[in-house]
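Chemist: sequence unavailable; structure follows:
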């Protein structure tokens, strides 16, 4: 009965490679997000999709491309990986796109990406 | 610049004791403030969501307060348990149509037996 799931949990790869992280939610939510948590533990939003439409894109390099095949899935594809991409990436979902509402965001367990 | 600052950076307490974590923000306009608990190796889990008009909100042994005038919030944990060991993250939502989530760096709490 996992709410928000991500695969893989760990990803170790070399610089220059292309990799994808998958996210699925079974909560029936309309909005999904990708966050990056760096080594200092700051969480920063990268993207947000509402009903498969991109609504937030926070100055993320265009090497990062989110893809939402349907409302329940939001995948993150990263081209030409760099050392600085090493971080934990969290997927999240919420019932509503407007964070000024009181709808909660539910986070996945995270994917630890290490670029060597 | 909109920022969220949390203190202390880390805290060690004994099981059964109470503690208070602080969050100061400069975010304007303000929409709501959230506290999350993040266990090591896991995603954040929401504890409380507070809007401008709410001064206090409880969730079990967790009580959050908000002073929108001084732009301060606190999270009080009562009768701490070993399972409270985690990072506690304060998040402020920017209003006025920007709807941006601004995260603090978190307070790492360790509860020792």
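Modeler: Yep, that arrived. Owing to the predicted nature of the structure, the values given are computational and were not obtained by experimental measurement. Numbers count the residues shown, from 1 in each chain, chains lettered A, B, ... in the order given.

Chemist: tell me where chain B has strands.
Modeler: Using DSSP state E, the strands of chain B run over B:4-7, B:10-14, B:19-25, B:30-38, B:45-51, B:56-59, B:62-67, B:72-77, B:86-94, B:101-103, B:107-112.

Chemist: and residue A:88, how far is that from chain B?
Modeler: 9 Å (Cβ to the nearest Cβ, to the nearest Å). All C-beta atoms are positioned from the backbone trio N, CA, C, and that covers glycine.

Chemist: out of the strands of chain B, which is closest to residue A:62?
Modeler: The minimum distance between residue A:62 and those falls on strand B:101-103, with 22.0 Å, by Cβ to Cβ.

Chemist: and the closest one, what does it pack onto?
Modeler: The elements that strand B:101-103 packs onto, with contact taken as 3 or more Cβ pairs under 8 Å, 6 or more residues apart in numbering or on different chains; DSSP states H and E, are strand A:43-50, strand B:86-94.

Chemist: once you drop chain neighbours, what's closest to residue B:78?
Modeler: residue B:61 (4.6 Å; Cβ to Cβ, 6 or more residues apart in numbering or on different chains).

Chemist: residues of chain A that sit close to chain B?
Modeler: Within chain A, the positions lying close to chain B (Cβ under 8 Å from any Cβ of the partner chain) are A:4, A:40-45, A:90, A:92, A:98-100, A:102, A:104-110.

Chemist: show the buried residues in these.
Modeler: A:4, A:41-45, A:90, A:92, A:99-100, A:104-110 (16 or more other Cβ atoms under 10 Å in any protein chain shown).

Chemist: the closest residue to chain A within chain B: neighbour count?
Modeler: Nearest residue of chain B to chain A, counting by Cβ to the nearest Cβ: residue B:43, 3.0 Å away. Burial of residue B:43 is recorded as 23 neighbouring residues (other Cβ atoms under 10 Å in any protein chain shown).

Chemist: do the one 3 residues further on as well
Modeler: Counted with other Cβ under 10 Å, the burial measure for residue B:46 works out to 16 neighbours.

Chemist: got the contact list for it?
Modeler: A:104, A:105, A:106, B:34, B:35, B:36 (Cβ atoms under 8 Å, 6 or more residues apart in numbering or on different chains).

Chemist: quick check: residues of chain B near chain A?
Modeler: Counting by Cβ under 8 Å from any Cβ, the residues of chain B close to chain A are B:31-32, B:41-46, B:49, B:51, B:87, B:89, B:91, B:93, B:95, B:99-101, B:103, B:105-106.

Chemist: sheet-wise, list the partners of the helix or strand bottoming out on mean pLDDT in chain B with their directions.
Modeler: Sorted by mean pLDDT, DSSP states H and E, the helices and strands of chain B end with strand B:101-103, the least confident at a mean of 86. Using DSSP bridges, the strands paired with strand B:101-103 are strand B:86-94 (antiparallel).
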